[in-house]
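J.: Let me see the structure of the following:
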Amino acid sequence: MLSLKGLNTHYGASHILQGVDLEVQKGRIAAILGRNGVGKTTTVKTIMGLVPASGGSVGLDGQPITGLPPHRVARAGVAYVPEGRLIFPDLTVVENIRVAERTPAKSWPLSRLLALFPSLNERQRNKGTQLSGGEQQMLAIARALISDPKVLLLDEPSQGLAPLVVRELARIIHLLRDAGVTILLIEQNMKLAEAVADELHIMVKGRIVYSADPQRFRTEADQVRSRYLTV
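T.: Below you'll find the model as predicted:
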């Protein structure tokens, strides 16, 4: 479904992604974990076309999307939920969702999204600034889903959320996988990633240095945490 092969990205003279290889199969969730500054967000921004790749390739369903501008990557079937949510503060809940709908949604119409996110259904007329952090995160996910994406990129969705809200986020991510949504999850919350992902990858200095399924990851969690994730 989503394929990264030898992906390289530079910011000026700084070599951020250094040959990233990753395959995310249809209907599965892959998580990338790592410390701050290792290139996790740059990975999804490069996939999305927000940052140009300096080498390697990105493929979607066997078709190259490397170097396409963001609007064409979105039309190809990639939806991006950015770090920090970036919802429109002066638009209502429904307006925030509708702004990303290019054609009438088939898989994820507004009615289905409001059923998936009851708190948004209750606050349809509320503006973005009137929502809690958790509600804003759910709104950002709903906005991405209304484009009927093949792949959903989630960048640090649990950031700044209370534990109860993170548990609700995990439930939503499970529901999306059960509905056939393919997800690339960028996270620092190891517990969330372990709870929802089908495969877990650790990034260090722009490279994937460790990959495992959840069962193996759990047995090696302490070692992985001390070697790759603690400061």
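J.: Touching the biggest helix by length in the chain from outside, list them.
T.: For the chain, the helix with the greatest residue count under DSSP state H is helix 163-178. Helix 163-178 is contacted from outside by 27-29, 116-117, 133-134, 137-138, 141, 145, 152, 154, 157-158, 161, 183, 185, 189, 192, 195-196, 198, using C-beta atoms under 8 Å, 6 or more residues apart in numbering. Any C-beta I mention is one placed from the backbone N, CA and C, and that applies to glycine too.
J.: How about the backbone phi and psi for the nearest residue to Leu185 once chain neighbours are set aside?
T.: Once flanking residues are discounted, Leu185 sits nearest to Ala31: 4.3 Å by C-beta to C-beta, 6 or more residues apart in numbering. According to degrees, to the nearest 10, the main-chain angles of Ala31 amount to phi -110, psi 140.
J.: Look up how far Asp155 lies from Ala31.
T.: 12 Å (C-beta to C-beta, to the nearest Å).
J.: Angles on the backbone of the closest residue to Gly34 other than its chain neighbours, please.
T.: Distance criterion C-beta to C-beta, 6+ apart; nearest residue to Gly34, sequence neighbours excluded, is Met203 at 3.9 Å. Torsion angles at Met203 (phi, psi; degrees, to the nearest 10) stand at phi -110, psi 130.
J.: how far away is Met203 from Ile16?
T.: Met203 is 11 Å from Ile16, by C-beta to C-beta.
J.: What is the neighbour count of the residue nearest to Ala30 when sequence neighbours are not counted?
T.: Distances taken as C-beta to C-beta, 6+ apart place Val24 nearest to Ala30, at 4.5 Å, with adjacent residues excluded. Look at Val24: counted by other C-beta atoms under 10 Å, it has 21 neighbours.
J.: Likewise for the one 10 residues further on?
T.: Residues within reach of Gly34, counting by other C-beta under 10 Å, total 24.
J.: With only the CA atoms kept, save stretch 148-160 in PDB.
T.: Extracted in PDB, the C-alpha atoms of stretch 148-160 (Å, rounded to 0.1, in the frame of the first residue of the first chain):
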ATOM      1  CA  ASP A 148     -11.800   8.900   1.900                       C
ATOM      2  CA  PRO A 149      -8.000   8.300   2.100                       C
ATOM      3  CA  LYS A 150      -6.200   5.100   1.300                       C
ATOM      4  CA  VAL A 151      -3.600   5.900   3.900                       C
ATOM      5  CA  LEU A 152      -3.900   8.000   7.000                       C
ATOM      6  CA  LEU A 153      -0.800   9.700   8.400                       C
ATOM      7  CA  LEU A 154      -1.100  10.500  12.100                       C
ATOM      8  CA  ASP A 155       1.700  12.700  13.600                       C
ATOM      9  CA  GLU A 156       1.900  12.600  17.400                       C
ATOM     10  CA  PRO A 157      -1.900  12.400  17.900                       C
ATOM     11  CA  SER A 158      -1.600  11.800  21.700                       C
ATOM     12  CA  GLN A 159       0.600  14.800  22.300                       C
ATOM     13  CA  GLY A 160      -0.700  16.900  25.200                       C
END
